[in-house]
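J.: output the structure for:
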Amino acid sequence: MERLCILYPCYFQAGLKRAEGRRVPRGRAVKSLTLMELEAALKKCGYPYRVEEKHHPAHWHKREGRVAVTCTEPKGEVIRKVAQAIEVKR
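T.: Numbering: from 1, shown residues only. Sure thing, here's the model as predicted:
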């Protein structure tokens, strides 16, 4: 069953604590992730996605955007695969 998973760049930010929105282990997180880098990682993983001009509720002042990903697996698995693709790219 396909569903929509929303991914924010702050999920992968090394400078944030888990309570502040980071969703990956600090070892897999990166210093500053742009939306374009997130898109490239999603393309590499083969996920269909669309970019939206919305923001994370906790980081409303940053206006960094978000990505809506169509996936069949759990959101945590998608985040793990994308984090691994970002890590390989850097």
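J.: mind listing what V24 touches?
T.: With contact taken as CB atoms under 8 Å, 6 or more residues apart in numbering, V24 is in contact with 11-12, 79-80, 83. Glycine gets a C-beta too; all of them are placed from N, C-alpha and C.
J.: and what of V67?
T.: 6-8, 35, 38-39, 42, 49-52.
J.: that's a strand at it, yeah?
T.: Yes - assessed by DSSP: H, G, I helix; E, B strand; the rest coil, V67 belongs to a strand.
J.: before we move on, the earlier item: just the contacts of V67: which are in helices?
T.: Among the contacts of V67, DSSP state H puts 35, 38-39, 42 in helices.
J.: including distance to E20, could those residues go into CSV?
T.: Output for the ones in helices among the contacts of V67, formatted as CSV (distance: CB to CB, whole Å):
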residue, distance to E20
L35, 19
L38, 18
E39, 23
L42, 23
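J.: one step back: which of the contacts of V24 ranks first by neighbour count?
T.: Ranked by neighbour count (other CB atoms under 10 Å), those have F12 at the top, with 26 neighbours.
J.: quick check: the residue nearest to that residue when sequence neighbours are not counted vs V82, distance?
T.: Spatial nearest neighbour of F12, chain neighbours left out: L33 (4.9 Å); criterion: CB to CB, 6 or more residues apart in numbering. Look at L33 and V82: by CB to CB, to the nearest Å, they are 10 Å apart.
J.: which of those two has more neighbours?
T.: V82 (25 against 21).
J.: my guess is that one meets Y49, correct?
T.: No - assessed by CB atoms under 8 Å, V82 is found out of contact with Y49, at 10.0 Å.
J.: anything in contact with each of the two?
T.: With CB under 8 Å, 6+ apart, V82 and Y49 have common neighbours L42.
J.: distance between stretch 26-37 and the chain's centre?
T.: 8 Å (CA atoms, centre = their mean, to the nearest Å).
J.: most neighbours, which of the contacts of V67?
T.: L38 (25 neighbours).
J.: can you show me the helices along this structure?
T.: 35-45, 75-89.
J.: out of those helices, flag the one nearest H56.
T.: helix 35-45 (12.1 Å; CB to CB).
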